[in-house]
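*Asks:* could you work out the structure for the sequence below:
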Amino acid sequence: MDPSFLPAWRLAERTRAGELGCRELTEHMIARIERLDPKLNAVVVRDFERARARAHALDHADRAAAGPLFGVPMTVKESFDLRGHPTTWGHPARAAHRAAEDALAVRRLEAAGAVVLGKTNVPVSLADWQSYNPVYGTTNNPWSPSHTTGGSSGGGAAAVAAGFAALECGSDIGGSIRVPAHFCGLFGHKTSWGLASPRGHSLADTAAFTDISVIGPLARSARDLEPALDAILGLDPAETGLGFTLPPVRTTRLSDLRVAVWSHEPGQATEAETTGLLEDLARHLESEGAEVSRVARPDFDVAEAWRLYLTLLDAAMAGRLSETALAARRARKAALSEADQSADAIMLRATDLGHREWLAANERRLQLRRVWSAFFRHWDVLLCPAFGCPALPHRQDGETWERRITLDGHLLPYNDLLFWPGLTGVCHLPASIAPLGMSRQGLPIGVQIVGPYGGDRTTIAVAHLLETSWRGFAPPPGWE
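*Replies:* Have a look, this model is predicted:
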């Protein structure tokens, strides 16, 4: 049986049983990458000799003590440190850098049995839905080479979708796990903020969590998300022995599921095709006995929540900016029109946000999180779009704030598409992505499954219910 597109859980099952050698499986994936990755440019940092040595050691290890990811070949986003290799975030000035140790997530995944093959492509500063940079070039979508894989975990999404690896460890602050999973027909999980230490996922070796930003997995099966989550879960043991016990899954049956469906929002661009598929899913859930509402919403002003996300996002990302970049933002801020209410304008107005202003914004965020919590007392999950459209064509023209995009005949600023990722991200909520359907162009479309803070196991469980009753991963044509 060709293991290229088997889910991670099935691969681990076979390696533990001795049906498939870890070294044999690793060599199979390496051969696929060497033969096929020139078409995609997904795995841009290759650590094949270390992977071979690790797989060989696993073949001679005690299988009775094997971890849940035993022998599973995987990749990690370029933004994670991998010992002896550069961590550039797409910046040429970092090309000579070499990491002294593995990121904590890499060590934890290996402790669970995974075999890390290398690192995958990203946009510069992890700040685009296009995965290209001057160090490693452009990554193509295996569903259509003229389209992007999304960003910023775009190289990893391409690698998993094309059968180069069974798992990817990515990160997400503005949809960077969710959008690539949606663009490439995968499952993905954005963890509740603060649950998994990002140590080794920073250019400056910072100790603090970046606000809103999280790490999490992408996979070809929802069943793979939970063992990957369990592997990375926890704070930095160098700082504390404190652990987490996440709430149990709320339901394991569709007929018991209570789901709110938010298929579109007036004033926020969402292609009718995406909305239609989400409403098809709502009807399917009703036919399975689930309680479904198309009008239930958390009781807050959506426009306010949107502005709050953009303000806190800009504040969070300011720590990555040089003084030169900040000076350029201040000049653009001074030239803003008061009438400009685009996402870019709202973020610019947050440049140099004062500490008291940030404290007020954070207080309002936590108030909104309580509103979400009240909403989730009745509803198990919220289903909404992962993004306003399927995979975008490659765009490398200027800065993201200079781009415009047409959705259903309407021209809008490129970064206004942050709405669906940001609506839930601002309050640190978990969200899983599952395949929803295909566009008329033959591109994947995903659904975002949102739960209460700490409800990660429930959103993953619902993704698995949808995988078995609605739609699962299908390999892109030509990559089988």
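*Asks:* how much space between Y414 and E101?
*Replies:* The span separating Y414 from E101 equals 37 Å under the rule CB to CB, to the nearest Å. Where C-beta positions appear, they are placed from N, C-alpha and C, glycine not excepted.
*Asks:* likewise for G234?
*Replies:* The gap separating G234 from E101 is 18 Å, by CB to CB.
*Asks:* repeat that for L423.
*Replies:* Counting by CB to CB, the gap from L423 to E101 is 36 Å.
*Asks:* when those two are compared, which one has more neighbours?
*Replies:* Per other CB atoms under 10 Å, whichever of L423 and E101 has more neighbours is L423, with 24 against 13.
*Asks:* the more buried one sits in which helix or strand?
*Replies:* Mapping L423 onto the secondary structure by DSSP states H and E places it in helix 419-425.
*Asks:* where does this structure have its least confident helix or strand?
*Replies:* Scoring the helices and strands of the chain by mean pLDDT, DSSP states H and E places helix 323-334 at the bottom, with a mean of 93.
*Asks:* and it, what's buried?
*Replies:* Under the neighbour-count criterion of 16 or more other CB atoms under 10 Å, helix 323-334 has R329 buried.
*Asks:* could you check how far the residue nearest the centre of the chain is from Q130?
*Replies:* The geometric centre of the chain, computed from its C-alpha atoms, lies nearest to I177 (CA atoms, centre = their mean), at 0.9 Å. Between I177 and Q130 the distance is 16 Å, computed by CB to CB.
*Asks:* same thing with A303?
*Replies:* Relative to Q130, A303 is positioned 28 Å away (criterion: CB to CB).
*Asks:* ok, those two, which is more surrounded?
*Replies:* The neighbour count for A303 versus Q130, taken as other CB under 10 Å, is higher for Q130 (25 against 12).
*Asks:* which stretches of the protein form helices?
*Replies:* Counting by DSSP state H, one finds helices in the chain at the ranges 8-16, 22-36, 48-59, 104-111, 154-161, 178-184, 225-232, 272-287, 302-317, 323-334, 343-349, 355-375, 419-425, 456-469.
*Asks:* still on that earlier bit, which residues does the helix holding L423 contact?
*Replies:* Outside of helix 419-425, the residues within contact range by CB atoms under 8 Å, 6 or more residues apart in numbering are 172-175, 178-179, 190, 212, 265, 268-270, 302, 305-306, 309-310, 313, 343, 382, 384-388, 431, 448, 450.
*Asks:* give me the buried positions along it.
*Replies:* For helix 419-425, the buried set under the neighbour-count rule, 16+ other CB under 10 Å, comprises F419, W420, P421, G422, L423, T424, G425.
*Asks:* restricting to C-alpha, output it in PDB.
*Replies:* What follows is helix 419-425 as a C-alpha-only set of coordinates in PDB (Å, rounded to 0.1, in the frame of the first residue of the first chain):
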ATOM      1  CA  PHE A 419     -12.200  39.500   8.800                       C
ATOM      2  CA  TRP A 420     -13.100  35.800   9.200                       C
ATOM      3  CA  PRO A 421      -9.700  34.800  10.700                       C
ATOM      4  CA  GLY A 422      -9.700  37.900  13.000                       C
ATOM      5  CA  LEU A 423     -13.300  37.700  14.300                       C
ATOM      6  CA  THR A 424     -12.400  34.800  16.500                       C
ATOM      7  CA  GLY A 425      -8.700  35.200  16.800                       C
END
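*Asks:* buried residues of stretch 298-316, list them for me.
*Replies:* Buried residues in stretch 298-316, counted by 16+ other CB under 10 Å: 298, 300, 302, 305-316.
*Asks:* per-domain residue ranges of the chain.
*Replies:* Domain assignment of the chain by automatic domain parsing yields the ranges 8-253, 302-368.
*Asks:* so of the ones you listed, which one's packed in deepest?
*Replies:* domain 8-253 (a mean of 22; mean count of other CB atoms under 10 Å).
*Asks:* tell me the mean pLDDT over that domain?
*Replies:* The pLDDT scores in domain 8-253 average 97.
*Asks:* that domain: how far from the chain's middle?
*Replies:* 11 Å (CA atoms, centre = their mean, to the nearest Å).
*Asks:* possible to save the buried residues of helix 419-425 as a markdown table with pLDDT?
*Replies:* Compiled in a markdown table, the buried residues of helix 419-425 are given as follows (pLDDT from 0 to 100):
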| residue | pLDDT |
| --- | --- |
| F419 | 98 |
| W420 | 98 |
| P421 | 98 |
| G422 | 98 |
| L423 | 96 |
| T424 | 94 |
| G425 | 97 |
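*Asks:* looking at those residues, which is nearest R108?
*Replies:* Closest approach to R108 among the buried residues of helix 419-425 (CB to CB): G425, at 23.2 Å.
*Asks:* how near is the closest one to D211?
*Replies:* Noted for G425: a distance of 10 Å to D211, by CB to CB.
*Asks:* repeat that for Y453.
*Replies:* Computed as CB to CB, the Y453 to D211 distance reads 14 Å.
*Asks:* got it, and V295?
*Replies:* Plainly put, V295 is 31 Å away from D211 if you go by CB to CB.
*Asks:* could you do L218 as well?
*Replies:* Remark: distance between L218 and D211 (CB to CB) = 22 Å.
*Asks:* wait, isn't W143 in contact with L443?
*Replies:* Yes. Checked against CB atoms under 8 Å, the pair W143 and L443 is within contact range at 5.6 Å.
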